[in-house]
Every structure is written in C-alpha cells, then in structure tokens.
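1. Got a predicted structure here, sequence first:
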Amino acid sequence: MKKIILNIGLALLFISCSDFLDLKPDKKMVVPELLEDCELLLNDYSTMNSGFPSLGEVASDNYYLTTASWQAISTLDERNTYVWNDAVMNTATSWQTTYKVIYQSNQVLETLSGINIG
C-alpha cells in the first residue's frame with residue numbers, strides 16, 4: 001500500500017501544473033520593461049547609495065589603531081578583519097549590498113538594451 005501511495009505521489013509531482021510557476025507570488029512584482037521602470041530602479045536610494053564594502057579598507061594598512069580604539073570597534077567582523085584573523089565572518093552584508101547594486105545595474109542595462117527608442 002505504501003508503494004502505491006508513493007508512486008501516486010511521485011506521478012502527481014511530475015505531472016503537476018506547469019502554469020503554476022508562471023504566477024507571481026505578489027502582485028507588486030513586476031519585470032522591468034519600460035524606461036520608467038529602469039529609472040525607478042536607479043532611483044532606489046537605499047539600495048544604490050547606502051552600502052559600501054568597507055572591509056577592504058579595514059584590512060588595509062592605511063591607518064593604525066591603538067589597542068583601545070581596536071577594542072572599541074563594535075562589530076566582531078571588523079575587529080577580526082583589522083588583525084587579519086581568519087575566523088568565519090558572522091555577517092556578509094558588507095558584500096551583499098554591493099552585489100545587489102551590481103545586480104540591479106545589470107538588470108537596468110539588460111532592460112535598456114531591449115527597449116527600442118525611436
């Protein structure tokens with residue numbers, strides 16, 4: 001009996017409706033197609049202008065911190081980066097925000113290449 005139920009379940013899994021994946025989970029989700037959509041993506045200030053990959057500067061030898069200043073650093077990742085500790089990083093938001101800017105910019109460029117401005 002278990003084999004029959006398992007086979008029916010697998011059959012339903014592979015025969016499932018293909019149109020289900022075409023539905024958007026949220027009505028607000030839109031694929032950018034117009035010049036106005038590109039402008040809105042580029043005007044997203046919090047994404048495009050608020051994230052900076054500062055860990056490269058923290059790890060450089062451009063400045064010197066005293067022990068008291070180093071101990072005053074609030075995030076463990078920045079403290080470990082300054083002394084080149086190879087401990088696993090707790091957060092990766094410093095890099096994630098930068099890659100989001102690159103992704104969004106590439107999306108705008110791809111959309112602009114498909115727009116016929118006449």
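-> Noted; the coordinates are in hand. Here the structure is a predicted model, which is why all the values come from computation and not from measurement.

2. Neighbours of Gln71, how many?
-> 9 (other Cβ atoms under 10 Å). Heads up, the C-betas are built off the backbone N, CA and C, glycines and all.

3. Now it. Nearest residue, chain neighbours left out?
-> Arg79 (7.9 Å; Cβ to Cβ, 6 or more residues apart in numbering).

4. which secondary structure elements does the host helix or strand of that neighbour contact?
-> Assessed by DSSP states H and E, Arg79 sits inside helix 76-82. On a contact count with 3 or more Cβ pairs under 8 Å, 6 or more residues apart in numbering; DSSP states H and E, helix 76-82 meets helix 55-59, helix 67-71.

5. What's the first helix or strand after that helix?
-> helix 93-114.

6. what residues does that following helix touch?
-> 32-33, 35, 37-38, 41-42, 44, 47-48, 50-55, 77 (Cβ atoms under 8 Å, 6 or more residues apart in numbering).

7. residue nearest the centroid of this protein?
-> Lys100 (4.4 Å; Cα atoms, centre = their mean).

8. any idea how far it is from Ala59?
-> Here Lys100 is placed at a distance of 22 Å from Ala59 (Cβ to Cβ, to the nearest Å).

9. Have a look at the protein and report the helix or strand with the lowest mean pLDDT.
-> Lowest by mean pLDDT, DSSP states H and E among the helices and strands of the chain is helix 2-14, with a mean of 69.
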